[in-house]
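Peer 1: structure for the following, please:
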Amino acid sequence: ADVADSGMAQTVANALNGAFKGSGISIMPCINPMNWDQTSSESTSYAYGYQLAQSIAQVLKGLVSYIECGNELDANGVESTGAGNSPADYNPAYWPAFRSVIRGMIDGVKSVDPTIKCGVNVGIPLDYTALQMLWNGQTPNGTATPTSGATPLQWDITMYHWYETSGDIVRAGSQGLTNVLQILATSFGKPIWITEWGYYTGDTAANQAAYVSNTLKEYYSLRNTYNLQAVFMYELIDMGGGDDFGVLLADGVTHKSSYAAYKNFTAANAV
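Peer 2: Down below sits the predicted model:
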């Protein structure tokens, strides 16, 4: 659930203390820094991320064990050209703010509760290079060879977003030769969570259901190979306006074909 301020965090807290209490189901907050200015200085971005995350974590302390820090922050000009699999594809002007707002969010969460595990994601399919540069303390400079010497930024869980439109995550790229899960596993050595995955909304209901079944089967089969611990389908209920990735229609009641596909797979593989 996106959380952009302490008020939204309180909504999540109320749910966890209310309808979700004792259910065995939790909620993972995704901190969405809606007022982040990617042209701001490194120190300003860090302070904003820190204060935002701290205010959210204070509300959710003791209720959540995991927090996603940022929601596809690479997708608004940080990755400015190309496919994202080269350091030359990134905007050097925006990078310091990008790096520092994420660092600020992680530090802000940990200042409240160091036991909460933090994850970082990217949204553009081949932007694993951004994660590699953050992790290794590198800064893009407009060339394929980034500048070293920055403080490495590291996290507890490597998170990633992947949709049907991007193809197969282990056969990605224009020629199907890029195994993104292998890259994530070897680059960081951390558990991997696919925190958004979903189908092509313009496809037929039958094809959407087939995609859900086949994707869950694939991810389940790969879980031990890549330490793939969790996959989160986007989304439960259609939002409308083109955001129709749900397994329920916007009325929150009517099941789509993908609902049964999801339910049947998870029931068959419950532990």
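Peer 1: the residue most central in space within the chain and residue 115: what is the separation?
Peer 2: Note on the chain: the residue nearest the mean C-alpha position is residue 121, at 4.0 Å, using CA atoms, centre = their mean. In this view, residue 121 and residue 115 are 21 Å apart by CB to CB, to the nearest Å. Using the backbone N, CA and C atoms, a C-beta is placed for each residue, glycine as well.
Peer 1: before we move on, the earlier item: who's in contact with the residue nearest to the centre of the chain?
Peer 2: 68, 70, 71, 72, 159, 160, 161, 195, 196 (CB atoms under 8 Å, 6 or more residues apart in numbering).
Peer 1: give the burial count for the nearest residue in space to it that is not next to it in sequence, as a bare number.
Peer 2: Excluding its sequence neighbours, the residue lying closest to residue 121 (CB to CB, 6 or more residues apart in numbering) is residue 159, at 3.9 Å. By other CB atoms under 10 Å, the residues close to residue 159 number 29.
Peer 1: sec struct for residue 159, please.
Peer 2: When classified by DSSP: H, G, I helix; E, B strand; the rest coil, residue 159 comes out as strand.
Peer 1: repeat for residue 134
Peer 2: helix.
Peer 1: touching, it and residue 153? I think so.
Peer 2: Yes: using CB atoms under 8 Å, residue 134 is in contact with residue 153, at 4.3 Å.
Peer 1: mutual contacts of these two, please.
Peer 2: Common neighbours of residue 134 and residue 153 (CB under 8 Å, 6+ apart) are 99, 102, 120.
Peer 1: starting at the chain centroid, how far to the helix or strand that contains the first one?
Peer 2: To tie it back to what came earlier, the one meant is residue 99. Take DSSP states H and E as the rule and residue 99 turns out to sit in helix 95-112. Here the centre of helix 95-112 is set off from its chain's centre by 15 Å, with CA atoms, centre = their mean, to the nearest Å.
Peer 1: what packs against that helix?
Peer 2: helix 42-60, strand 66-69, strand 117-120, helix 128-136, strand 138-139 (3 or more CB pairs under 8 Å, 6 or more residues apart in numbering; DSSP states H and E).
Peer 1: elements contacting the strand or helix carrying residue 208?
Peer 2: Residue 208 belongs to helix 205-226 when elements are defined using DSSP H and E. Judged by 3+ CB pairs under 8 Å, 6+ apart, the packing partners of helix 205-226 are helix 180-188, strand 192-198, strand 228-233, helix 257-268.
Peer 1: mean confidence for the second one?
Peer 2: Along strand 192-198, the predicted local confidence has a mean pLDDT of 98.
Peer 1: quick one: strands adjacent to it?
Peer 2: strand 157-163 (parallel), strand 228-233 (parallel) (DSSP bridges).
Peer 1: return the most buried member of those strands.
Peer 2: For these, the largest average neighbour count (mean count of other CB atoms under 10 Å) is found in strand 157-163, namely a mean of 23.
Peer 1: hey, what's the angle from it to helix 205-226? Just curious.
Peer 2: 150 degrees (axes from the mean of the first three to the mean of the last three CA atoms, to 10 degrees).
Peer 1: contacting residues around strand 157-163?
Peer 2: 66, 68, 72, 117-123, 125, 128, 131, 169, 180, 184, 188, 190-200, 229.
Peer 1: please spell out the ChimeraX selection for the buried subset of the residues you listed.
Peer 2: Selecting only the buried entries of the contacts of strand 157-163 in ChimeraX, with 16 or more other CB atoms under 10 Å as the criterion:
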select :66,68,72,117,118,119,120,121,122,123,125,128,131,169,180,184,188,190,191,192,193,194,195,196,197,198,199
